[in-house]
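*Asks:* okay, here's the prediction I keep looking at, along with the sequence it came from:
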Amino acid sequence: MGTRGSGETPTDRTKDGGRQYRLDRPRCDADWQAYHGIRRKVFHLPRPVEEISPTCHPLLLFLEDQPIGAIQVDDLGNEAAALRLVAIDPAHQGGGHGRAMLERAEQFAQEIGCGKAVVYATPESAGFYQSLGYDEDDWDEICMGGIVQMLKVLDR
């Protein structure tokens with residue numbers, strides 16, 4: 001794996017329980033369609049029209065060569081990465097894929113220089129993040145009510 005700043009794409013070909021995952025930037029139109037399609041299915045979000053900032057990293061989780069998950073990793077500039085819009089395609093939910101995607105997103109965050117990961121969790125998903133080592137932490141002073149702010153210090 002190369003350095004994120006070098007223009008190389010993030011990949012992870014390690015196996016989890018016999019499954020081969022890869023977390024990667026969308027590379028072609030089909031990848032972008034899959035990325036936005038998963039987000040639309042899970043969050044009902046339209047495809048954004050604005051340009052992506054250099055601190056925003058859209059990533060797709062592939063199982064073998066099939067895109068099954070989408071996540072956005074934002075470098076917050078304070079040694080923290082926000083893991084946003086964590087989504088597994090509904091047809092693949094419940095199989096441990098979300099856990100695999102977060103582990104790879106945390107590794108990506110470390111590789112771009114972040115020592116902690118933060119998430120905005122719904123009350124229903126807070127237990128999932130807690131099982132992965134996240135703790136409640138009020139890291140954002142202007143966070144909306146009803147959202148659980150969570151933080152994990154990443155191993156370096």
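*Replies:* Sure, I can see it.
*Asks:* list the contacts for the residue positioned nearest the centre of the chain?
*Replies:* Centroid check for the chain by CA atoms, centre = their mean gives Ile71 as the closest residue, at 3.4 Å. By CB atoms under 8 Å, 6 or more residues apart in numbering, the residues touching Ile71 are Leu23, Pro58, Leu59, Leu61, Leu83, Arg84, Leu85, Val86, Ala87, Met101, Leu102, Ala105. C-betas here are computed from N, CA, C, even on glycine.
*Asks:* flag the shaky bits of this protein, pLDDT-wise.
*Replies:* Across the chain, residues meeting the criterion (pLDDT under 70) sit at 1-17, 49-51, 140, 142-144, 156.
*Asks:* ranges for the strands of the chain?
*Replies:* 15-16, 19-24, 56-63, 66-75, 80-88, 116-121, 135-136, 148-153 (DSSP state E).
*Asks:* now render these as JSON lines, adding distance to Gly95.
*Replies:* What follows is the strands of the chain, written out as JSON lines (distance: least, CB to CB, whole Å):
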{"stretch": "strand 15-16", "distance to Gly95": "10"}
{"stretch": "strand 19-24", "distance to Gly95": "9"}
{"stretch": "strand 56-63", "distance to Gly95": "9"}
{"stretch": "strand 66-75", "distance to Gly95": "9"}
{"stretch": "strand 80-88", "distance to Gly95": "8"}
{"stretch": "strand 116-121", "distance to Gly95": "20"}
{"stretch": "strand 135-136", "distance to Gly95": "26"}
{"stretch": "strand 148-153", "distance to Gly95": "22"}
